[in-house]
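Undergrad: no FASTA, just this:
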């Protein structure tokens, strides 16, 4: 009988684990019953046998069967939203009169949902509103908000962000690898905002820097095994030289992703001549293309995740083409401080900006929903308002201006008119994410001294220009004075000193160099330092640099501004040295104050706007950065060779 | 050091298997080295450590790194195609002058590919041609061609079919479950045509019939584990009543698919009032919607896989809407005999027909390529001509008429002007797929007698109408004469007798009934009998029915036509009673001969065209079939209750 056969299959599988091919074939041959002699018989229809579902699968099935009953009208919905116009992101239509019925955290039915209303059903009118799927950010770093996953959700849920693909290289570099992924898994399981932490491909970003984490093939495969629902891919392949040279670590991570049927997210714009190789490596997306390469990348199969502020030119180019099919173009925020999120918005701002740039509104919403969800292979969970998907629904009162009146997430109203309707709980924060600024000893002013060759009145120095992440960069050699055998700043020309201090308790290596960055007084120290997140410090005097660095370590990381030995402003980011669990309004205020005071120190004009945010992006080691100072020294990233600081 | 940490992670993972959360956290805390005292040090950049990649992953990585080198221009391509116009299915553009460089079985580069030409590179001009990605069938049953995977590839590769998603419920019902999936995995690994066998959700199709296989949660999960690259989903959820009633077997299969991040393919058109429940169950597609439901299905998130012949009305409806976004509309062939494939074509015919129906040509090609590949979550392998994808390229000499001049698959030219350029090898056919018609004893004429209640000159009988798979069906009660206590045919009114005989050695249960099907002489026996594939036999006399059935068993299944005790035509299908490994031309000839002779037996008008193909679809037990005869008796499928044959 079929049932017995099934039992046999299942028993053998669960007892013996994976079977060899021959065992499989042999089993099936055995399983065919021998022909029975005798008269024809007419057995009763066989009942479905009990299946050996694991308990967790059984529970998921139970919830799904309940959803089916509600969808079938056999049980009432928990929530029914009627009278609105539904944006269908798949067909690209606005459907007047289409409502939504919700059961638990999912959509049970769409269309005419009157029959799903029961006595206990919460009924909501969306008259005059457009029903839009919750936004899905295709590429995001919660850490860049400076606040914890919970605090970040408090700010971004009211903006319609109900799911995001979190690039974890910030936290995994700062918090010893996979525990950083686990932090976002654990928070996302508690919050109505779905967090999909992607395993970092950039931990460490390159061999040219020291971080606390290490992620290779084994760690990546382990993460997929541990968190199959959340870890949907890897993020974000940045190290172009090692993509091309076949680096075992980086390609091990990519291989684990491809073997695990996961998505391989990329970064930046490889030069056109490297683009085929970059794509052939398995990289599937970029959130930071440049106008010179963007269209070619799209044509070569790369999913573009545009940030309207930085890539508005690309959007205009696509509109002018005109691009016939936008399915592989999405929107992303990537990095944004909580102050900026509060001031401008998040994905809502991106959609609004895309529309302002001329993208047809329906297309703009598709870019923030289904295009991203389909790329990440979760269109059955996100990005469209259809049965089975998460009941993440935005009630939009002005479609073109993206004015969000109410936000539903996981089937419950979580925000109304920009305000959270109930407190959020993301559970406790793992203590292992604390105390990540581990200096072997206090920093001393002498640590920042840069010695000159003997008997020199001046030296040549490689001085980083204010913005040195560009492929088109002039010579960076400058002449600097020497005093007492030490090379000196030239503050009048805006040349200050800065250093990167390894902060993970691995020996406290320090790289120090000069930077044409302005800041003619005081010192600033910070631990948000993409992507190694070592302790950075710049300053007009070595003494203030030491004070700022030590204070920054004492508050477990964050930002500290010092002048004449006194702390003028600071923000503690004790979660991995990157995030705060404090009230987002307070954190935003402190960020603004940091910017204000740093601005008074005369930063270079390119840093005038949000200087303390901008300095966090200046020490990357990926393309198109041409040079970088790390804790291991000053590097030419094109040659991947260390450079002398002075000569 | 980071490297040691990695080794530790990996060792622990591979020694201990999955780790508990607390173990993970504890490990990472331990792994952070204690701060070292002493002076700052500047270690040399760390080399990437050796990673414990499994050997198979290492080999995949080696091949990928080779592809990267070719893509980067460091090694020459194997094949370069230039001078054509490339169809970009992602952007929806035709790009003149874009060529393709191939390394191994993948595309290394697209665009200007001159630099990839080396001394040994095969260079091909595609002047005047359009380069199109190989077609991807979203829903297909190779078995319905009547020929083996290899023979099927011989016919369909020249038609541009380079990949298909194979619904295995035919072979898994006939060949004891998973070995049927394995057959397609093994064949696909040898052929240049990629076969993605989907685990059957319909084995058995319902509890109302007996088949040789059983697939539940455990079998499905095992298949995903065994064949992760090939088994990308389940196919095709058909049993609407059990979708809605929460059947443990069916929902176990669906749960395994959802838990495994696989695709859940559906079938048919649930009634509108059941559509939300059907979609909420997790079903993601349908290849056989009806005009009444199709647009609503699309709007509710269902991927439509249209067959132009049967669903041309839907295509017209979508054109008239007009549908703004076609991404969730694909094409599929589903079932087609090798005779029909040769006469009309396969996916090439579907594209041609879609264009003839008014679909813009680029959209029609998208429907046969990227739309299907994206739905099945393999856009990084199929559906677009971009680096990293399989080098499956069609050189199309007439874009709108879909005239395929050359076919590349896995980087090699496999067909030119409709003819295979080299023989194909799919390896040996597993002997366990043979001898699947296992009757306990020879069939006797008396097996088909239908007894009347005592002392009756006539009886009422439920007589199946010629085409009874319709929701709109009149009464099916007919009066039939009785002779010698046996209910008689009424051939003058076209009422013949037929039977379904369990053929898997499980007791030889026989269901017999009447059918208003014509066929006023001889008998036909067949083992291609969707979806249970038991032995069907119909005939004007019980004696000829017995001869035909026994002969059909003797040739290991297939089709047999008998008249007056003599075999007039036959086709042996010894692979699972479904497929032949003989020359496709011969098989097609035999199919045509079977149809010709069966046609002379006066089938009902609805069967006049291809009668021996049509009878294979008449005994399904899924919606919209309203009644069905199985080996267990005659059933009302709406009530799922057995019906008396006569009363």
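TA: Thanks, I have it. All values reported here derive from a predicted model rather than from experimental measurement.
Undergrad: Might you enumerate the residues of the stretch 301-450 of chain A proximal to chain B?
TA: Taking Cβ under 8 Å from any Cβ of the partner chain as the contact definition, the stretch 301-450 of chain A meets chain B at A:301, A:323-325, A:327-328, A:362, A:366, A:374, A:377, A:379-380, A:384, A:386-389, A:430, A:432, A:438-441, A:447. Using the backbone N, CA and C atoms, a C-beta is placed for each residue, glycine as well.
Undergrad: Run through the neighbouring helices and strands of the helix or strand residue A:546 falls within.
TA: According to DSSP states H and E, residue A:546 maps onto helix A:542-554. Secondary-structure packing of helix A:542-554 (3 or more Cβ pairs under 8 Å, 6 or more residues apart in numbering or on different chains; DSSP states H and E): strand A:495-501, strand A:523-526, strand A:535-539, strand A:558-563, strand A:566-572.
Undergrad: ok, the last one: who's next to it in the sheet?
TA: Using DSSP bridges, strand A:566-572 pairs in its sheet with strand A:558-563 (antiparallel).
Undergrad: Give me the residues contacting the partner strand.
TA: Contacts of strand A:558-563 with the rest of the structure, by Cβ atoms under 8 Å, 6 or more residues apart in numbering or on different chains, involve A:521-528, A:539, A:544, A:547-548, A:551-552, A:567-574, A:577, A:580, A:591, A:594, A:597-598, A:601, A:612.
Undergrad: Return the distance of it from the chain's centre.
TA: Distance of strand A:558-563 from the chain centroid (Cα atoms, centre = their mean, to the nearest Å) equals 26 Å.
Undergrad: same question, stretch A:568-581
TA: Here stretch A:568-581 is found 19 Å from its chain centre; the criterion is Cα atoms, centre = their mean.
Undergrad: what's near enough to touch residue A:583?
TA: By Cβ under 8 Å, 6+ apart, residue A:583 lies in contact with residue A:151.
Undergrad: and if you look at the one 10 residues further on?
TA: Residues touching residue A:593, when contacts are defined by Cβ under 8 Å, 6+ apart, comprise residue A:569.
Undergrad: Could you report the distance from it to chain B?
TA: Distance of residue A:593 to chain B, given as Cβ to the nearest Cβ, to the nearest Å: 31 Å.
Undergrad: Is that residue in a helix, a strand, or coil?
TA: Counting by DSSP: H, G, I helix; E, B strand; the rest coil, the backbone at residue A:593 sits in helix.
Undergrad: before we move on, back to that, which of the residues of the stretch 301-450 of chain A next to chain B are buried?
TA: Burial by neighbour count, 16 or more other Cβ atoms under 10 Å in any protein chain shown: within those this picks out A:301, A:323, A:325, A:327-328, A:362, A:366, A:374, A:377, A:379-380, A:384, A:386-389, A:430, A:432, A:438-440, A:447.
Undergrad: Among those residues, name the ones in helices.
TA: Counting by DSSP state H, these place A:362, A:366, A:374 in helices.
Undergrad: from what I can see the second one touches residue A:328, true?
TA: No. With contacts defined as Cβ atoms under 8 Å, residue A:366 does not count as touching residue A:328, sitting 11.2 Å away.
Undergrad: which of the residues in stretch A:607-626 are buried?
TA: Neighbour-count burial for stretch A:607-626, counted by 16+ other Cβ under 10 Å, picks out A:607, A:610-626.
Undergrad: ditto for stretch A:395-406
TA: Those would be A:395-396, A:399, A:402, A:404-406, for stretch A:395-406 by 16+ other Cβ under 10 Å.
Undergrad: Name the nearest of the residues you listed relative to chain B.
TA: For the buried residues of stretch A:395-406, the closest approach to chain B (Cβ to the nearest Cβ) belongs to residue A:399, at 15.7 Å.
Undergrad: Residue A:587 looks like it's in a strand, true?
TA: No. Counting by three-state DSSP, residue A:587 is not found in a strand; it is helix.
Undergrad: What count of nearby residues applies to the residue in the stretch 401-550 of chain A that chain B sits nearest to?
TA: For the stretch 401-550 of chain A and chain B, the shortest gap (Cβ to the nearest Cβ) falls at residue A:505, measuring 3.9 Å. Counted with other Cβ atoms under 10 Å in any protein chain shown, residues neighbouring residue A:505 total 18.
Undergrad: I figured it hits residue A:435, correct?
TA: No. Between residue A:505 and residue A:435 there is no contact under Cβ under 8 Å: 9.8 Å.
Undergrad: Now go through the buried residues of stretch A:395-406 and say which are in helices.
TA: Among these, no member lies in helices (by DSSP H).
Undergrad: what mean pLDDT does stretch A:241-250 have?
TA: Regarding stretch A:241-250, the rounded mean pLDDT is 94.
Undergrad: Whether that stretch contacts chain B - can you check?
TA: Yes. Stretch A:241-250 is in contact with chain B by Cβ under 8 Å from any Cβ, via A:242-244, A:246-250.
Undergrad: May I see those residues arranged in CSV, with neighbour count and secondary structure as well?
TA: CSV is the format used below for those (neighbours: other Cβ atoms under 10 Å in any protein chain shown; DSSP: H, G, I helix; E, B strand; the rest coil):
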residue, neighbour count, secondary structure
A:242, 21, helix
A:243, 26, helix
A:244, 19, helix
A:246, 17, coil
A:247, 19, coil
A:248, 20, helix
A:249, 27, helix
A:250, 26, helix
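Undergrad: In TSV, list the residues you listed along with distance to residue A:282.
TA: Formatted as TSV, those follow (distance: Cβ to Cβ, whole Å):
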residue	distance to residue A:282
A:242	14
A:243	9
A:244	13
A:246	12
A:247	14
A:248	15
A:249	15
A:250	11
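Undergrad: so who does residue A:263 touch?
TA: A:198, A:232-234, A:257, A:284-285, A:375-377.
Undergrad: any idea of the pLDDT on residue A:474?
TA: Reported pLDDT for residue A:474: 81.
Undergrad: about what we covered before: and the residue of the stretch 401-550 of chain A closest to chain B, what's its pLDDT?
TA: Looking at residue A:505, its pLDDT reads 94.
Undergrad: Could you tell me the phi and psi values at it?
TA: When read as degrees, to the nearest 10, the backbone of residue A:505 gives phi 70, psi 30.
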